[in-house]
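# Next input, structure requested:
(2 chains)
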Amino acid sequence: MTDAPSSVEKPTDPAIESGLDRLTPDRIRQVIQQVLKNETGPRFKAYVETCMRCGLCAEACSYFLSNDRDPQFMPAAKVKNTIWEMLKKDGDVSKDFLRRAVRIAHLECNACKRCAMYCPFGIDIAYLMLLVRRICHKLEITPQYIQDTVNSHSVTLNQMWVKDDEWIDTLQWQEEDARDEFEDLQIPLDKVGADIMYSVIAPEPKFQAGLLYQAATLMHAAGMNWTMPSTPGWDNSNMAMYTGDNEISGRIARAFFETAARLRVKRIVMGECGHAFRSVYDMGNRWNSWVMPPFEVVHALAFYHELLTQGRISIKEKYKKKVTLHDPCNVSRGRGLHDKAREVVNMVCEDFVEMTPNREHNYCCGAGGGVINCGPPYKAERMVNNRVKAEQLAATGADVLIAPCHNCHSGLEDVIQHYDLKMEIKFLGDLIYDTMEKKIYEPGA
Amino acid sequence: MEENTSWDWGTELKEIPFDEWRTRFNWVQSPRVSRDGERIAAIVNLDEMAFNVCVNGEVWEGEYEKIWSLTPVSGNGFAAFVARDEEWTMAVNGQEWTQWCDFIWQMMKSPDGRTLGAAFQSDSEYGVMVNDMPWEHRYENLTGAVMAADGTSAAVVQVTSMPGADVDAFKQGVFSVARNGVPQDRRFLNIWDISFDASGRQIGYTVRTNREAYTIVQNDTLWDNRFESVWKPEFLDENSLLAPVRVKGKWELYKNDAPFWRNRYDQLWHLTLSPNGRDIAAIVSAPYGRWSVAVNDKVWPVSWDTMISDIYFSENGATLAAVYKHKNVWDLAVNQTSWGMAADMVFVPCFNADGSVVAIVIQKQDQYQLVVNNRVAASGFSFMADPVISPDGSMILLKGIENGIYKRRIIQV
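Residues are numbered from 1 along each chain as shown, chains lettered A, B, ... in the order given. This next block holds a predicted model:
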């Protein structure tokens, strides 16, 4: 493993700078006061009043650990240097303060909630950081690249400016290719009354169309009654959730669930993504007054588990290389799927080694919470902030890292390359596709 | 609506051996049934990259590399998007349109079914075609195409190019609405939910004017009020546009830029007007997390915990049905009364003229059933299309596949 520089130059973000240029002290005060008064409640008050600055959150934070325990990266310090100060000064904060606050909220916190688990009072610092991002959104000082992603969501209802025809054309292309393996394979578009709506995030049609191919072969082999929508509402991701653009976030979640309703499906299965799962399970739904998702949403991990344990797919020969598993925050710490993930890995792989810590205690990949979506300008500092993750991966001695989440996958790919970890990275679906029997499920067979 | 008085409402059972098609073709997909139930069609595979549409056992002329979006259309026929030599067009009852393009999607039908439209892309430029006539102007991006009853089409189009990730250019507003291909003058950050009045002359839509201000455009005029969010507007008549708007965290109904309903809701969407124009209904949430229906701002006394997906008026407006999910099962409520079917899924209800008969297809334990006024009228089907009630209300047309055989059956109410 190679060392990362201990610090890197902080880039200037044109969107933040142009946003700050337009701000006046009155506007800053007005927005902060409005958000704190109208958009917070007892939860915020309780967090503010119960934190006793004990610092137990510090050791939980991968930024703190990766930066030689620099106190400025303590979660409590991040709160102190952002929302508490805004509250204390009743919104009367400077542009320099805001420039630092944007960085803390968007680039120095993955909203991974590990610190909340170690806080003796359960203070959810991710919530507080998202509140800062909400203020940044209203002040129009959100980092450029993640704002562009949200702009894409607002126009196309997907995060990568995938046009309607490109989406359908990609599905048809993958269907055609997959017919080399299964002659009569279909990716059924808009099949009303299907059991399952399969949904993905936009990087799949944009850059990783092979994942659609794999999912289609899996559905086909398992004999599922499934469909995919041809219309916007197919992308389950939601970066607006991470920029505090709650209105666009709600619009995305509405389109997603109403697409399922239009297709009259029984449940939604989604690909290997963590934040998207959080969006439809926890946040996007609630802005719309859906306390819980109106459709059962099954993460790919749980779906693989179902297919394997029900015998709908079977493994021909287990994967031989030594593998380790990264627990994505939103599906493990957030939703408790870590044990199912291990059962699947053990059904598919011969040689599985745990990383330490693991399950709900796992360190974030360092890319989540919208951090990687802030784009290439921040990659160098992201690598510095990922040092503890790199050390954790290196200690496993594994040949292959399984990362069942798109954000984690992309972030960890960078970590592996940057720290020269000599590991391959795979989705769990990659391994299942490689090892499964390529035959069609027959009940009772 | 299509005229159904001329249909065969005799009680003779008509059958087509649908599963036999599976022995004739490599595979059969996307079965669709004509409105009158006389025809069943499916996309069939003849050979590698050779597809066609089979209707009642007869295939259209020619072959295509790809086919999708098979849809029942006016005259009890079928339309589909078809591709040959990597170019696409629409085929209606086997007749191809003359205009071919690089891709075609989003099939649109006028309420009488006689006008068909679709979005298309050629050479990376986007437009809409209506009855084989493409827009003269094309755009670099197009979303949300709609078509009015008279065949007027509109879509959100990008009228100014924008470099990748240029968030400042985006803030200036690069989107407009093109009507029959001609863009309107105003540009916005975002435009959604284009709505026409019954004549197709009036147009309304939702817009975002800056990162946190949403409002409504009514023809060329922007409402003065700015809201936290807005949902799709609907024309009450040619001079009155209604829209759900979010104010101080709650949803209200506005008419022509002024508060219209008095109550405020945690959610308010799916505005639905009775065909006679007398009643306005919407799906509402109040209190937070509970779902009900408001009719003229009066909320039904029942509510459900998961969702209401859609609501439907009978033709005379006397009956209002809501498709809802509660405690993990789907159901139908008619004029505030739940049917208690506890189904795995329910589809779209249909009504007789006075709304006294309501029929709906449901799925339960992997079977399709036809339910009429909350009594099971037929079951054991592996597929059913939405039923139709005869003009005099005495008969129901059932269209479904049972034991591999397509059946058109008339059931007496």
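# Any residues of the stretch 51-200 of chain B in contact with chain A? List them.
Within the stretch 51-200 of chain B, the positions adjacent to chain A are B:66, B:68-69, B:102-103, B:105-106, B:119, B:121, B:126, B:141-143, B:164-168, B:170-171, B:175, B:189-190, B:192 by C-beta under 8 Å from any C-beta of the partner chain. All C-beta spots, glycine's among them, are computed from the backbone N, C-alpha and C.
# Now, those that are in strands?
Those of those mapping onto strands are B:66, B:68-69, B:103, B:105-106, B:119, B:121, B:126, B:142-143, B:175, B:190, B:192, per DSSP state E.
# biggest helix in chain B, by residue count?
Looking across chain B with DSSP state H, the single longest helix is helix B:167-172.
# ok, and for that helix, which residues are buried?
Within helix B:167-172, the residues scored as buried using 16 or more other C-beta atoms under 10 Å in any protein chain shown are B:V167, B:F170, B:K171.
# do the same with stretch B:391-398
B:M395, B:I396, B:L397, B:L398.
# Format the CA atom coordinates belonging to that stretch as PDB.
In PDB, the C-alpha atoms belonging to stretch B:391-398 read as follows (Å, rounded to 0.1, in the frame of the first residue of the first chain):
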ATOM      1  CA  PRO B 391     -74.200   1.200 -23.300                       C
ATOM      2  CA  ASP B 392     -77.400   0.100 -21.600                       C
ATOM      3  CA  GLY B 393     -75.500  -1.100 -18.500                       C
ATOM      4  CA  SER B 394     -76.900  -4.600 -18.700                       C
ATOM      5  CA  MET B 395     -73.800  -6.500 -19.900                       C
ATOM      6  CA  ILE B 396     -70.200  -6.600 -19.100                       C
ATOM      7  CA  LEU B 397     -67.500  -7.600 -21.700                       C
ATOM      8  CA  LEU B 398     -64.900  -9.800 -20.200                       C
END
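# Look up which residues are beta-bridged to residue 268.
Let's take chain A. Using DSSP bridges, the bridge partners assigned to A:I268 are A:M197, A:V297.
# Can you look at chain B instead?
Going by DSSP bridges, B:L268 forms beta bridges with B:V284.
# helices and strands around the longest helix seen in chain A, which ones?
Assignment by DSSP H gives helix A:246-263 as the longest helix of chain A. Packing partners of helix A:246-263 (3 or more C-beta pairs under 8 Å, 6 or more residues apart in numbering or on different chains; DSSP states H and E): helix A:144-156, strand A:196-199, helix A:240-243, helix A:284-287, strand B:229-230, strand B:307-313.
# Identify each buried residue in that helix, please.
Neighbour counts over helix A:246-263 (16+ other C-beta under 10 Å) mark A:246-263 as buried.
# Nearest residue to the residue sitting furthest away from the middle of chain B in space, ignoring adjacent ones along the chain?
Within chain B, B:D168 marks the point farthest from the mean C-alpha position, 35.5 Å out by C-alpha atoms, centre = their mean. Nearest residue to B:D168 in three dimensions, chain neighbours excluded: A:S18, at 6.1 Å (C-beta to C-beta, 6 or more residues apart in numbering or on different chains).
# mind checking how far the one you found is from A:R114?
34 Å (C-beta to C-beta, to the nearest Å).
# Give me the more crowded residue out of the two.
For A:S18 versus A:R114, the count of surrounding residues by other C-beta atoms under 10 Å in any protein chain shown is larger for A:R114: 24 against 15.
# isn't the more buried one right up against A:C365?
No. A:R114 is not in contact with A:C365 according to C-beta atoms under 8 Å; the separation is 11.7 Å.
# what do the two both touch?
Common contact partners of A:R114 and A:C365 (C-beta atoms under 8 Å, 6 or more residues apart in numbering or on different chains): A:C329.
# Now do the residue nearest to B:D168, the pLDDT please.
According to the prediction, A:S18 has pLDDT 97.
# which residues sit against stretch A:81-100?
The contact list for stretch A:81-100, computed with C-beta under 8 Å, 6+ apart, reads A:16, A:20, A:23, A:25, A:28-33, A:36, A:48, A:72, A:101, A:104-105, A:128-129, A:131-132, A:135-136, A:139, A:141.
# Mind checking which of those residues land in helices?
A:16, A:20, A:25, A:28-33, A:36, A:48, A:101, A:104-105, A:128-129, A:131-132, A:135-136, A:139.
# Burial check on the nearest residue to A:L325 once chain neighbours are set aside, number of neighbours?
Closest residue to A:L325 apart from its sequence neighbours, by C-beta to C-beta, 6+ apart: A:I402 at 4.8 Å. By other C-beta under 10 Å, 29 other residues sit near A:I402.
# residue contacts, A:I402?
A:I402 touches A:V323, A:T324, A:L325, A:H326, A:V345, A:I425, A:K426, A:F427, A:L428, A:L431, counting by C-beta under 8 Å, 6+ apart.
# Averaged over its residues, which helix or strand of chain A has the lowest pLDDT?
For chain A, the helix or strand with the lowest mean confidence is helix A:275-278, at a mean of 88 (criterion: mean pLDDT, DSSP states H and E).
# packing partners for that one?
Helix A:275-278 packs on helix A:240-243, going by 3+ C-beta pairs under 8 Å, 6+ apart.
# mean confidence score for the helix it packs on?
For helix A:240-243, mean pLDDT rounds to 97.
# Equivalent analysis for stretch A:292-310, please.
The model assigns stretch A:292-310 a mean pLDDT of 97.
# In a helix, B:G355, correct?
No. Counting by DSSP: H, G, I helix; E, B strand; the rest coil, B:G355 is not part of a helix but coil.
# Run a quick neighbour tally on it.
Neighbours of B:G355 using other C-beta under 10 Å come to 19.
# Do I have it right that B:R186 meets B:S176?
Yes. Taking contacts as C-beta under 8 Å, B:R186 lies within contact range of B:S176: 6.5 Å.
# Show me which of those two is the more surrounded one.
Remark: of B:R186 and B:S176, B:S176 carries more neighbours, 21 against 16, as counted by other C-beta under 10 Å.
# Hmm, the more buried one is touching B:V182, no?
No. B:S176 is beyond contact range of B:V182, at 9.8 Å (criterion: C-beta under 8 Å).
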